[in-house]
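K.L.:
just coords:
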């Protein structure tokens, strides 16, 4: 049995199979006090589930990583596929999924789902790279990288233009690795409270506002009315998200400012009550 104040043993059910003990100073091992045992049990089970700090490391890691990679594949496949459907609503969804801010949001949200900064960056970069590969493979399956074998004799058919496919896939894949690492780290830092975390949480809405404003200025005159409406609505939603995040942070700061004063008043009241009950 390992020595030390925090001895942890495992059973087949990933729970402690022995009563927790600790080493006293100069004494043999003795049982923990009832209050310490209650704390120990609270660490073993949180809402009926094993505590994340005490379960096997393979279990809490595989599912989130698989979900992140699956989200990348879904985004990479859905963005080009929806572009082939002429319905206005589907076309709007295609424009949203094909926008740069949506891909940035994927990496950001993946990074926000992990406590470890290293894991946030690595998994976000992997998810974004997976999305890029899935996107270009889907475009390849749609026939975007096919060219005539002989322009003078179309009867010879077409073949895949591998140079164009591979060059774009490698270029945007490398960009996805770098941007995914940075955006995943930003998502992890966005978990923090206070103004520091708020600045990172506003990154994606600000990116959406900048991109849609650029598209409305440059591309909207050349696109259909559906594109302009989609970009206007996206920009308004991004502004609303920024306002909501700001209000949420103001309320959180107010709660943090009130809590110390409330705790101080309770401690002073408890101190005065104990002094009043103290015999003369």
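P.N.:
The structure has been received and is ready for your questions. Because the structure is a prediction, the values reported are computed rather than measured.
K.L.:
residue boundaries of the helices in the stretch 151-280 of the chain?
P.N.:
Ranges of helices in the stretch 151-280 of the chain, per DSSP state H, counting those that start in this stretch, are 162-189, 194-201, 203-218, 225-277.
K.L.:
how about the shortest one: buried residues?
P.N.:
Within helix 194-201, the residues scored as buried using 16 or more other C-beta atoms under 10 Å are 197, 198, 200, 201. In this view, the C-beta of every residue, glycine as well, is placed from N, C-alpha and C.
K.L.:
And the second one, how far from residue 117?
P.N.:
Residue 198 is 18 Å from residue 117, where distance means C-beta to C-beta, to the nearest Å.
K.L.:
again with the last one
P.N.:
In this view, residue 201 and residue 117 are 16 Å apart by C-beta to C-beta.
K.L.:
just to revisit the earlier point, greatest separation within the buried residues of helix 194-201: which pair is it?
P.N.:
198 and 200 (7.4 Å; C-beta to C-beta).
K.L.:
Hmm, residue 143 and residue 165 touching each other?
P.N.:
No: look at residue 165 against residue 143 with C-beta atoms under 8 Å: they stay out of range, at 11.4 Å.
K.L.:
Got phi/psi on residue 147?
P.N.:
phi -140, psi 160 (degrees, to the nearest 10).
K.L.:
Give me the nearest residue to it, chain neighbours excluded.
P.N.:
Closest residue to residue 147 apart from its sequence neighbours, by C-beta to C-beta, 6 or more residues apart in numbering: residue 161 at 4.8 Å.
K.L.:
Neighbours of that neighbour, how many?
P.N.:
14 (other C-beta atoms under 10 Å).
K.L.:
What of residue 73?
P.N.:
For residue 73, using other C-beta under 10 Å, the count is 17.
K.L.:
what about it, distance to residue 131?
P.N.:
Counting by C-beta to C-beta, the gap from residue 73 to residue 131 is 7 Å.
K.L.:
Residue 61 too?
P.N.:
From residue 61 to residue 131 the distance is 20 Å (C-beta to C-beta).
K.L.:
When those two are compared, which one has more neighbours?
P.N.:
Ranked by neighbour count (other C-beta under 10 Å), residue 61 and residue 131 place residue 131 first, with 28 against 14.
K.L.:
quick one: the host helix or strand of that one to helix 162-189, angle?
P.N.:
In this assignment (DSSP states H and E), residue 131 forms part of helix 117-141. In terms of direction (axes from the mean of the first three to the mean of the last three C-alpha atoms, to 10 degrees), helix 117-141 departs from helix 162-189 by 150 degrees.
K.L.:
From the contact counts, what lies against helix 117-141?
P.N.:
Applying 3 or more C-beta pairs under 8 Å, 6 or more residues apart in numbering; DSSP states H and E, we find helix 117-141 packed against helix 59-82, helix 100-112, helix 162-189.
K.L.:
how about low-confidence regions in the chain?
P.N.:
For the chain, applying pLDDT under 70 flags the ranges 1-60, 149-157, 259-280.
K.L.:
Swap in 90 and give it another go.
P.N.:
1-62, 83-87, 143-164, 193-196, 219-226, 249, 251-280 (pLDDT under 90).
K.L.:
about what we covered before: the more surrounded of residue 165 and residue 143?
P.N.:
residue 165 (17 against 9).
K.L.:
do you know how far the closest residue to the more buried one other than its chain neighbours is from residue 139?
P.N.:
With C-beta to C-beta, 6+ apart as the criterion, residue 165 has its nearest non-adjacent residue at 4.3 Å, and that residue is residue 145. Distance, residue 145 to residue 139, using C-beta to C-beta: 7 Å.
K.L.:
If you tally nearby residues, what's the number for the closest residue to residue 168 other than its chain neighbours?
P.N.:
Nearest residue to residue 168, sequence neighbours excluded (C-beta to C-beta, 6+ apart): residue 136, at 6.2 Å. By other C-beta under 10 Å, the residues close to residue 136 number 21.
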